[in-house]
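In: Predicted model, plus sequence, below.
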Amino acid sequence: MTTLVSLAPPRRLVSLTIDGKGIEAPEGSTILEACRTQGTEIPTLCYLETLHPVNVCRVCVVEVEGSRVLVPSCSRRVEPGMVVKTQSERVVHSRKMVLEFLASSVDLSTTPEVARWLGEYAARPDRYGPPAPPAAAGARDGLEPGHHDPVEPGFRATVAQPTKIDNELYLRDYGKCILCYKCVEACGTDHQNTFALTVAGRGFDARISTEFAVELPRSACVYCGNCIAVCPTGALMFKSEYDHRAAGTWDESRQTVTQTICPYCGVGCNLELHVQDNEIVKVTSPLDHDVTEGNLCIKGRFGWQFVQNRASEERPQGG
Amino acid sequence: MFGAGGGTSSYREVEETDVIFLWGANARDNHPIFFHHVLKAIRRGARMFACDPRRTSTAQWADAWLGLHVGTDIALANAMARVIIHAGLANQAFIANATSGFEAYRAAVEQYTLARAERITGVPGEVIERAALAYARADRAVICWTLGITEHHNAVDNVLSLINLALLTGHVGRYGSGLNPLRGQNNVQGGGDMGAIPNRLAGFQDWTKDAAVKAKFDAAWGIDMKAQYGRNLSQMFEGMEHGEVRAVYAIGENPAQSEADQNRAERLLTGLDHLVVQDIFLTRTAELATVVLPASASWCESEGTVTNSERRVQRVRKALEPPPGARDDMWIIAEIAKRLGHDWGQPSAEAVWNEVRSLAPMVAGMSYPRLEREGGLHWPCYDETHPGEQFLHGRLWQQPRGGPAAPFSVVEHDPPVEMPDAEYPFQLTTGRRLDSYNTGVQTGGFTSPLRRGETVDISPEDAASLGVGEGDRVRVSSRRGSVVAPVRVDSSLRAGLVFMTFHHQDQVKTNVLTIDATDPKSGTAEFKACAVRIEPVAAAVTT
C-alpha cells in the first residue's frame, strides 16, 4: 500500500491575464493564489489559508474587466479569459480608502505590514481629525443596534477602549480589532466549534463579543488560543507577549522559533516555540502542517510553563 | 493488532470516513486536535457514535450516545456483531479471504441478543441495533478508543471485541476504514516502536521467536541475548511485592502517584534496596529515590523523534537550554553505560536514530532530512524512496491474501472485578479533564481559568439522595482507602456512577481508592471501575 489516495480529479489549467501578463492557474484556485504564484503581492487582512474567506476587509480587492465592482481576490476564483488588474488606479484608490478608514478608527500599531502599506498607498488617516476619546470600559459592549451616537464634529470615530484582561492566558484589546471575523471563524465552524465568540451590534458599533459580553472565565471559552493564532492585529494577544511589551522587553529580533512536538497527549501536534533569552514567550503551530492546521488545545498552547518553573527549583502545584 | 502495535488509519482518513465510533474515548477533552479531524468529518456529513458511560462533551457531538454501564463494552460489541450477522451484513468475501475463526465467533455472539445486551449494558436495544447497522452499512468506518477500553481488568479482551467488529465488516485495511487506539502520551506509540516494552525490540521485533531477528541484534550489539521477556509495570510491582525486584530505575515516570492502589505502590517503592529516578522534576517518586538524576525536558531541551497516534514519526527539537545540572536523557544513559564498563561515547540523537533505522526495517527509510522535509512520516517506511503507509493491513484485501489470516477472538462479557454492593454502593470511574494532564506534574505549571481543583462528580439524583450540593465536602471510601473532596454535580452522570481525576494528587489522592485489578495480558489496571461509599463529611466518619 502506498499513501495518498487522490480524491479529486486532476485540475485543469485556466488561462487568464494578470497585469497584462498571460498566465495559467489551476481551475478552482483564487485570483490571490494565482497572483502569489506569480510573485504579485496583494495585501490581505481577513484572509488566511486555513479559514473560509469572509470578504470583509476589502484590502485585497482587484479589478476584473467586465465586473461592475472591484472583487475580493481572496475568494474570487479564476475563470478562463479573465483579465485582472491588481494595481489599477481604481484598485489603488480603493485600498487607500480602506486602509485610511481602518487606521483612522483602529489602533494598528501591532499589525504587521500595515505601516508599510499605509506608506505605499499614501493613506493619511489623520486627515479625519483628532481621535475621539476612548470609550469607557465595557461601554461599547452595551451598545444596541439602532441607537448609534455619532462622535462630536471635528473628531474621528475610533473603537478605542480599555484592554480586557480577565484571565492569565490571553487578553483582548478590542481597540485593535478590525472585525476581520477570523477569531469567530476559528472558534466556530472552521476549526474549534466552541462558538464562544461572535459579532454583536451593527455598523460602527459592531464588535466581537462573548455571549452577553461576559468575561472569558464565565463564557464558553476553552482557552485553545486558536483565535489568538489567527488574529492579524494583536487585538488578541498572549498574556506573556503583552507583559513583555508592557515592560518594554518584547524584542522579536532576539527571538528564535523552533518547531517541536507537544509534550502532552499522543495526537502529535507541531508546536512552534518562540523563545527569547532562553524563555518561551509564546507558542504557535504551523498552518501548513496537516495534524494541526495551526490549531492547538489549552495544554499545547499554554501548558509549557512547567519547563521554566524548574529554573527556580520550584516544585509545581499538583506534584 | 495483527502483528503491528499501532493505529491503522491516518487522521486524514478520519476526516473522510462515513461512520466514526469513539469508544471509551472522550476525544473532545482529551485529544482535542484529533477531535478537530472528527469535527471535519461530522461537518462533511459523517455520523459519530459515542460509547461512554458519561455523556461527555464528545457525546454531545454524537448522532447517538451509547451510554453503557462501565465495563460492559464486550456485551455491547458482541450484540452489535449479532445484529450485523442476522441482518446479513457480515462481509462474507472479506471474512473468507482475510480471517480465521469466524464460526466460533458467530456461535459465541449468538448468545448476545439485544434484550440481553440491553440488560447488561443499559443501552436500549434499538440504539445498539441502529449503531450496528450504521457501522456495517457504511462504505468507510473507523473505531477509535482510549483508556475507557483499556483501563479494565480485561483490557485486551475489550480491544479484541472491537477488532472483531472490524473483521466482521471489512472495516480495516482500506482507506478510511480502520481501528485506532488514541495514544495518551506524546510518545507512548514511539516507546513501543522503539522497543521500550518488555516483549519486543525496536520495530516490534521478537528476538525470542525469530532467530534472524536475534542474530541481527546479537551481531549489531556484540552480545548473546537471552530468550526471555522483561516485566511490564504491573509485573514489576508484583516482583517488588515478592522480593524478586529489588532495584528500580524509573525514567520519566511517576508511579508513586500514577499507579492504582497508591498506598501499595508507595510502600513497595519505599521498600526497594535501590531506586533511581531520572526526571525533569522532583516528583513524588523522586522524593522516595536513593539517587535522582535531573533530566532535560525531552520535547524542548533535546533532539529526537516521537511517534503519534497515526504512526507518524516526527522530530522534537531543542529550543531551550536546560536548567543548570539537568542533562539530556541520552547523555545520562551513556554515562551510566560507561560506568558499567561500556563506552558508547556520546552519540547524537541522529546517530542513535540511524542505528534504529539499521535494525528496524519499519523505520529504515526515515532519515532525519526526510523527516524534516516531509513533516514526519508514517511507519512502515522501508527505504528512502518509500512514502510511508497511510493505513495498515491492506494485505488483508489482497487476493490471495498477503501474510497470515487475522483471527476472530471469542471474548465474553466479564463485569468489573469490584461491583457496587450494599457497603460500597457507588461505582467510581476515573478520567481526565481538558486542561490537566495525568498526575498534574506538567499542567500544574500554568494557571488555567477552567481548573477547579479535584472534585467528586456525582449525578443530580445522587446529590439529592445524599443531601449534598455543589461544593459540599464528602468522604469517598473504597476498600483500600479514603479521601475527602468537594462535590461537583454533573448531569452527564447517571445515578450510581461517580467520576474523579488524579490530576491534583497533592490535594486528593484519588488513586488510594482505585483497585489494582490488572489485566494479565496487558498489565493495565482497572482504573475505570471500583466500588466506593460516599458520606457527607459532616457525618463524621472515623478513619
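Out: Ah, there it is. Fair warning: this is a prediction, and the values are worked out from it, not measured in the lab.

In: how about the helices in the stretch 101-250 of chain A?
Out: Taking DSSP state H, counting those that start in this stretch, the helices of the stretch 101-250 of chain A run over residues A:114-120, A:182-187, A:226-230, A:239-247.

In: how about the ones you listed, which one is nearest A:G300?
Out: When the helices of the stretch 101-250 of chain A are compared by CB to CB, helix A:226-230 sits nearest A:G300, at 10.5 Å. For glycine as for every other residue, the C-beta is placed from the backbone atoms N, C-alpha and C.

In: and the closest one, what does it pack onto?
Out: Under the contact criterion of 3 or more CB pairs under 8 Å, 6 or more residues apart in numbering or on different chains; DSSP states H and E, helix A:226-230 touches helix A:182-187, strand A:236-238.

In: okay, the helices of the stretch 101-250 of chain A in JSON lines with distance to A:T260 next?
Out: JSON lines is the format used below for these (distance: least, CB to CB, whole Å):
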{"stretch": "helix A:114-120", "distance to A:T260": "31"}
{"stretch": "helix A:182-187", "distance to A:T260": "22"}
{"stretch": "helix A:226-230", "distance to A:T260": "17"}
{"stretch": "helix A:239-247", "distance to A:T260": "18"}
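
In: Format those as a markdown table; extra columns: mean neighbour count and mean pLDDT.
Out: Formatted as a markdown table, the helices of the stretch 101-250 of chain A follow (neighbours: other CB atoms under 10 Å in any protein chain shown; pLDDT from 0 to 100):
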| stretch | mean neighbour count | mean pLDDT |
| --- | --- | --- |
| helix A:114-120 | 15 | 97 |
| helix A:182-187 | 25 | 98 |
| helix A:226-230 | 26 | 98 |
| helix A:239-247 | 15 | 97 |
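
In: Show me the one of the helices and strands packed on helix A:226-230 that comes nearest chain B.
Out: helix A:182-187 (10.8 Å; CB to the nearest CB).

In: Run the contact check for the closest one versus chain B.
Out: No - shown here: helix A:182-187 not in contact with chain B (CB under 8 Å from any CB of the partner chain), separated by at least 10.8 Å.

In: where's A:C183 relative to A:V230, distance?
Out: Distance, A:C183 to A:V230, using CB to CB, to the nearest Å: 6 Å.

In: Can I get the lowest-mean-pLDDT helix or strand in chain A in CSV, CA atoms only?
Out: The helix or strand of chain A with the poorest confidence is helix A:305-309; it has a mean of 87 (mean pLDDT, DSSP states H and E). Extracted C-alpha coordinates of helix A:305-309, given in CSV (Å, rounded to 0.1, in the frame of the first residue of the first chain):
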residue,chain,number,x,y,z
GLN,A,305,5.4,27.0,31.8
PHE,A,306,6.5,23.9,33.8
VAL,A,307,9.8,23.7,32.0
GLN,A,308,10.6,27.3,33.1
ASN,A,309,9.4,26.9,36.6
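
In: any idea whether B:L275 is helix, strand or coil?
Out: Using DSSP: H, G, I helix; E, B strand; the rest coil, the structure places B:L275 in strand.

In: next one: B:L168
Out: Here B:L168 is recorded as helix under three-state DSSP.

In: Same check on B:Q314?
Out: strand.

In: Could you report the neighbour count for the closest residue to it other than its chain neighbours?
Out: Once flanking residues are discounted, B:Q314 sits nearest to B:G376: 3.7 Å by CB to CB, 6 or more residues apart in numbering or on different chains. The burial count assigned to B:G376 is 25, neighbours taken as other CB atoms under 10 Å in any protein chain shown.

In: list the contacts for B:G376?
Out: B:G376 sits next to A:G268, B:N308, B:R312, B:V313, B:Q314, B:R315 when contact means CB atoms under 8 Å, 6 or more residues apart in numbering or on different chains.

In: ok, is stretch B:326-340 in contact with chain A or not?
Out: Yes - using CB under 8 Å from any CB, stretch B:326-340 reaches chain A at B:A326.

In: for that stretch, what is the average pLDDT?
Out: Averaging pLDDT along stretch B:326-340 gives 96.

In: What strand or helix carries B:N354?
Out: helix B:349-359 (DSSP states H and E).

In: what's next to that helix, contact-wise?
Out: Applying CB under 8 Å, 6+ apart, the contact partners of helix B:349-359 are B:194, B:201-203, B:205, B:216-217, B:220, B:302-305, B:330, B:347, B:363-368.

In: And the helix or strand just after it, what does it pack against?
Out: Downstream of helix B:349-359, the next assigned helix or strand under DSSP H and E is helix B:368-373. With contacts taken as 3+ CB pairs under 8 Å, 6+ apart, helix B:368-373 sits against strand B:312-316.

In: which residues are contacting the strand it packs on?
Out: A:259-261, A:268, A:270, A:291, B:10, B:190, B:193, B:298-300, B:302-308, B:363, B:366, B:368, B:371-372, B:375-379, B:388.
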